[in-house]
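1. what follows is a protein structure lacking sequence information:
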């Protein structure tokens, strides 16, 4: 049974012969190994071109910004998995990545889509500001949160987001997506009746879209970055296991409020 389209049976990423391996038009051995850093290689694999200096710089900035943030759910899931299955290092990494969604890790993708909507509708509304106001009003009517804004801990401003945007202005890469982000921050108090500073998952898509990274691959940034962190946590788990401690503390912290047995 055929499922989905059956045309365009080709890939432009990699091919090989008995003599060489070609990746995105570059000889892997002669052009990449020992000559290209991994961030540039990541960009090449995703985008098809070698990044310019500003693209590589900001890819490095955001990857380091989002990789590690303590014992967040993805890390807890990974460490508990390795504790239960110490032979399945890859399964523990996967456990940590499987929860990448609209609340944790995947929120940069949602924020990027929101920014893209504002930029795409600029002509319709006459300006970025008016487009941002229209999008915020839609969220308010639907009683939805503003993607990429607000933080439960960094309520006065996410230091990672502030650093990313500061660097964007210094390196003069601020374009329409950062302008959309600033417009959101400007009109949030008026429309949402509260202050919501941009968070790291709002700053990442703003700068990455402005330097030319594809919208559809934004989640990949968080996945790649968090993979590095997970490997670090899992290596520590093999030396200093806390997975069962995390599991035990969870059990202690949650009380049962279900129905008691009838014969009790």
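-> Yep, that arrived. Predicted model only: the values in this text are computed from it and were never measured.
2. please make it C-alpha for all contacts and neighbour counts, starting now.
-> Noted.
3. low-confidence regions, this protein specifically.
-> Within the chain, the segments meeting pLDDT under 70 span 152-155, 264.
4. for the longest helix anywhere in it, which helices and strands make contact with it?
-> With secondary structure taken from DSSP state H, the chain has its longest helix at helix 218-239. Applying 3 or more Cα pairs under 8 Å, 6 or more residues apart in numbering; DSSP states H and E, we find helix 218-239 packed against helix 53-67, helix 73-84, helix 89-97, helix 107-120.
5. nearest residue to the middle of this structure?
-> Nearest to the mean C-alpha position of the chain, by Cα atoms, centre = their mean, lies residue 222 at 3.1 Å.
6. can you list phi and psi of residue 105 for me?
-> With angles defined as degrees, to the nearest 10, residue 105 shows backbone torsions of phi 70, psi -50.
7. over to residue 23?
-> Phi and psi for residue 23, reported as degrees, to the nearest 10, are phi -120, psi 120.
8. contacts for stretch 34-48, please.
-> 13, 23-24, 32, 49-51, 56, 59-60, 213-214, 217 (Cα atoms under 8 Å, 6 or more residues apart in numbering).
9. again with stretch 13-30
-> 12, 32, 44-45, 48-49.
10. among the residues you listed, which two are most distant?
-> Using Cα to Cα, the pair of these lying farthest apart is 12 and 32, separated by 16.7 Å.
11. more crowded one of these two?
-> residue 32 (16 against 11; other Cα atoms under 10 Å).
12. now the more buried one: closest residue in space, sequence neighbours ignored.
-> Among residues not flanking residue 32 along the chain, residue 26 sits closest, at 7.2 Å (Cα to Cα, 6 or more residues apart in numbering).
13. distance of that neighbour relative to residue 46?
-> According to Cα to Cα, to the nearest Å, residue 26 and residue 46 sit 14 Å apart.
14. equivalent analysis for residue 99, please.
-> From residue 99 across to residue 46, the span is 22 Å (Cα to Cα).
15. so residue 226 sits right up against residue 65, yeah?
-> No: using Cα atoms under 8 Å, residue 226 is not in contact with residue 65, being 10.2 Å away.
16. more neighbours: the two, which one.
-> Neighbour totals were compared for residue 226 and residue 65, and residue 226 leads with 25 against 20 (other Cα under 10 Å).
17. residue contacts, that one?
-> By Cα under 8 Å, 6+ apart, the residues touching residue 226 are 66-68, 97.
18. next, the contact list for residue 81, please.
-> 91-92, 95, 243.
19. just among those residues, which is most surrounded?
-> residue 92 (27 neighbours).
20. which secondary structure elements does the host helix or strand of residue 133 contact?
-> Assigned by DSSP states H and E, residue 133 falls within helix 128-142. Helix 128-142 sits against helix 107-120, helix 122-125, helix 176-192, with contacts defined as 3+ Cα pairs under 8 Å, 6+ apart.
21. name the residues of the longest one that are buried.
-> Meaning helix 176-192. For helix 176-192, the neighbour count (16 or more other Cα atoms under 10 Å) marks 176-188, 192 as buried.
22. go on, the first one?
-> Across helix 107-120, burial judged by 16+ other Cα under 10 Å covers 107-119.
23. before we move on, what SS does residue 174 have?
-> In three-state terms, and counting by DSSP: H, G, I helix; E, B strand; the rest coil, residue 174 is coil.
24. distance check, the residue lying closest to it once chain neighbours are set aside against residue 88.
-> Among residues not flanking residue 174 along the chain, residue 168 sits closest, at 5.7 Å (Cα to Cα, 6+ apart). Remark: distance between residue 168 and residue 88 (Cα to Cα) = 40 Å.
25. which one's more surrounded, those two?
-> residue 168 (22 against 13).
26. many thanks, we can stop here.
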